[in-house]
Every structure is written in structure tokens, then in C-alpha cells.
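Q: the following comprises the amino acid sequence and a computationally predicted model.
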Amino acid sequence: MSGAANTPLFELRELRRHYPIERGILFKRRIGVVRAVDGVDLVIRRRETLGLVGESGCGKSTLGRCILRLEAPSGGRILFEGEDLAGFDRTAERRFRRRVQAVFQDPFSSLNPRMTVEEIVGEPLLVHGLARERRARLRRVRELLELCGLPRQLVDRYPHEMSGGQRQRVGIARALALEPEFVLCDEAVSALDVSIQAQIIRLLEDLRERLGLTYLFIAHDLSVVRHISHRVAVMYLGRIVEIADSELLFADPRHPYTQALLSAVPVPDPEIERRRPHRPVGGEIPNPAAPPAGCVFHPRCPFAEARCRREPPVLRPIGDRHEAACHRLEETAMAGPHSGDRVADGGSGEDLATPISTGRAT
């Protein structure tokens, strides 16, 4: 990407989202705080897909909700096209709502079971006053269904009358109704079968190219993330620990946590599986209400030293398009090949590499 496509759409600066822990019924008192997002710096560029990965509970979805202004940050700033979201008035807020949308994990729970497809996809148009007449709204709904690879005849269907893949396509059509520039995909394919996942991923890629969309793609499946993302950010306990171009990160992961994530992905070839290095991580994720001092990963890190227990690391550049937050980047690089390519050679990654039409889906 170059030119306008390489300019920032969102900039997160020291973003924090903390949840108070309170005790008492009538007279509540704060006894602690959960640091769901804890000082994140991140840039999302126009027309790119930024993958965000990490274990459950690391703060991925909370970060996405803050970007959409579904939750208010506890600190830091979120800039949209250089403007601080905190300074938006009601008019600017309404314009912003039109330009950012979301596709959620469970396509059944995210659709109103009492509404038809016409009502579900057409609701954003009605709310924002873009198609007040039913005829114009129905015409636009049919166009969106066709854009997402669904037959126009589905307009009268209810969510329970469709398959999981069709429901997710309806969710995507609803997200595109207002012609947004940014779409948050929060585990958008994790509830689907592998073959249907591939179709939805192909659809999202095609829509990004045709409509000039920007995605923040939150997922736990590394094969899917590698396939769709231009860059990948790895999150652990509310912080970004590594970020790089997708191929760079999978070929040469430098943070011990990223190495452990890739090591946990199985390879279907038993010979390769026996030969490749494994770097399992011991212990449990620390309590986000009482994170460790220094580097939050140090209790589980095989490279931890005294400095790691005292000083929190910052993201440091490794070349032009790669950063990692680790005090011992030199040692992690010397630890041997990390076989990032194994993710693309096995499991669902191989299925995603097979061209699949984005036309009609089951």
C-alpha cells in the first residue's frame, strides 16, 4: 500500500480501559481495578487489514469496542483522521457512527430473530434517514444482499431459516448498509465451519478491494489472521507485545509470547511435527486485576531476567516494519528458526489457500 492508502485512519495513543472492582451493595467501595487495555499505542492505516491476536481475556474485544465508542476509554486518546473522538459533538458523533461498523462473532445472536432480512439490513438506512420509503429501502437491501453473495429472495426470511454462513453474510450486508470506511470484525468467522470460514474470508477480502474498506480483524485462529491481514498485532494482558507485517511476523516472531502462540499450532504432517521446535509456555495468565510488575509476560517467559521483573519493556523497532516489546530481543532472535511458515502449511490455513467463490453460499 502506498499514498493515501498508507495514511492513518485511527491512531491509538496510550489507550487504557480499566474496570473498577467494587464491594458492597448500598455503600460500594473500590477495592481494585481490572486493566483490560493498559497503555496501547496502535495505528490502523487506510485500506489495510490489521489482525489482532491473543489469548481469551487479553483485551482484544475491549480495544475494538473503545474504537467504536461503545465503551469510553479510561485514559489515552483515540484519533480518527487526526481528530480526537473525545471532542466530537452530537453531529460529528452521528457522522462517525455512519463511517464505522462491526461484524460480530455469533451471526445468530447478533441478528434480531423477530425481524426479516429486509428489516435487519434496512434498519440502519431507516435510522439514519437514508431511505425512508420502503421501495427505495428494499431496493438497497437487495443490492447489499447481492453484493454479499446472497439471493435477493432472502429478504422475507428470518434468521432461523438460514444457515450460519448466510446469517453472517446478512450481518456483513447490514454493516455495509451505511457505506462505512472502517469495519471491526470481532471473531467474525470463529463460529463457522472451516469451509464456510474460507468463503467469508474471501468475501471480506473482495469487499475490501472493491469498496476500499479498512478492517480491524480480531481472531484467535492464526491461520485465518495470516491469510487476511496486511499487519498483525499480538496482544497480551492488555498490551501490544509485537506488531509487524504479516509475513514478517509469521516468518520471524521475536517476542517469546508470539513464538509460543505459533509453536502451539499443530502441523498435520507427523514428520514435520516431530522435527519442528516447540516452545510451550508454562503457568497461567496473570490476574488482570493484579498484573506483574515490569514485563507482564515475565512469569511465563523462558528468557526472563531480573530487569524484566522491574522495567516494563516498550515496543522497539526490528527493521522497518517490525516492533516487539522485549528486553532480550537479541537472545530471542538467536533461539533458532521459529518455522512461522508452518501455520500456512497445515490446519485450516491450507483450506483458506484454496480459491473459493464468493458467489452463493450455504
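A: Done, it's in.

Q: please name the residues that touch the residue nearest to the spatial centre of the chain.
A: Taking CA atoms, centre = their mean, the centroid of the chain lies closest to residue 218, which sits 1.8 Å from it. Residue 218 makes contacts with 51, 52, 53, 60, 61, 64, 184, 185, 186, 187, as judged by CB atoms under 8 Å, 6 or more residues apart in numbering. For glycine as for every other residue, the C-beta is placed from the backbone atoms N, C-alpha and C.

Q: dump these to TSV, plus secondary structure, distance to residue 18 and pLDDT.
A: As requested, these are exported to TSV (DSSP: H, G, I helix; E, B strand; the rest coil; distance: CB to CB, whole Å; pLDDT from 0 to 100):
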residue	secondary structure	distance to residue 18	pLDDT
51	strand	25	97
52	strand	19	97
53	strand	22	95
60	helix	16	94
61	helix	15	94
64	helix	17	96
184	strand	21	97
185	strand	25	96
186	strand	20	93
187	coil	23	90
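
Q: most neighbours of all the residues you listed, which one?
A: Highest neighbour count within those: residue 52, with 28 neighbours (other CB atoms under 10 Å).

Q: which parts of this structure are strands?
A: Using DSSP state E, the strands of the chain run over residues 8-23, 29-45, 49-53, 75-80, 83-84, 100-103, 182-186, 214-218, 231-236, 239-245, 316-317, 322-324.

Q: could you redo the ones you listed as a markdown table and give each row distance to residue 273?
A: Below are the strands of the chain laid out as a markdown table (distance: least, CB to CB, whole Å):
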| stretch | distance to residue 273 |
| --- | --- |
| strand 8-23 | 38 |
| strand 29-45 | 34 |
| strand 49-53 | 22 |
| strand 75-80 | 42 |
| strand 83-84 | 49 |
| strand 100-103 | 34 |
| strand 182-186 | 30 |
| strand 214-218 | 27 |
| strand 231-236 | 23 |
| strand 239-245 | 24 |
| strand 316-317 | 33 |
| strand 322-324 | 26 |
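
Q: buried ones in stretch 43-62?
A: Residues of stretch 43-62 classed as buried: 43-54, 58-62 (neighbour count, 16 or more other CB atoms under 10 Å).

Q: distance between it and the chain's centre?
A: How far stretch 43-62 lies from its chain's middle: 4 Å, per CA atoms, centre = their mean, to the nearest Å.

Q: only C-alpha atoms, please: export that stretch in PDB.
A: Output of stretch 43-62 as PDB, limited to C-alpha atoms (Å, rounded to 0.1, in the frame of the first residue of the first chain):
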ATOM      1  CA  VAL A  43      -2.100   2.800  14.100                       C
ATOM      2  CA  ILE A  44      -4.700   1.500  11.700                       C
ATOM      3  CA  ARG A  45      -3.900   2.600   8.200                       C
ATOM      4  CA  ARG A  46      -6.500   3.200   5.400                       C
ATOM      5  CA  ARG A  47      -7.500   0.200   3.300                       C
ATOM      6  CA  GLU A  48      -5.400  -2.200   5.300                       C
ATOM      7  CA  THR A  49      -6.500  -5.200   7.300                       C
ATOM      8  CA  LEU A  50      -4.900  -5.200  10.800                       C
ATOM      9  CA  GLY A  51      -5.100  -8.500  12.500                       C
ATOM     10  CA  LEU A  52      -5.300  -8.500  16.300                       C
ATOM     11  CA  VAL A  53      -4.500 -11.800  18.100                       C
ATOM     12  CA  GLY A  54      -4.000 -13.100  21.600                       C
ATOM     13  CA  GLU A  55      -5.500 -15.400  24.200                       C
ATOM     14  CA  SER A  56      -9.000 -15.000  25.500                       C
ATOM     15  CA  GLY A  57      -9.300 -12.200  28.000                       C
ATOM     16  CA  CYS A  58      -6.200 -10.300  26.800                       C
ATOM     17  CA  GLY A  59      -8.400  -7.200  25.900                       C
ATOM     18  CA  LYS A  60      -8.800  -7.600  22.100                       C
ATOM     19  CA  SER A  61     -12.600  -7.100  22.000                       C
ATOM     20  CA  THR A  62     -12.500  -4.300  24.600                       C
END
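
Q: what's the closest non-adjacent residue to residue 197?
A: residue 189 (4.3 Å; CB to CB, 6 or more residues apart in numbering).

Q: before I go, just wanted to say thanks for your time.
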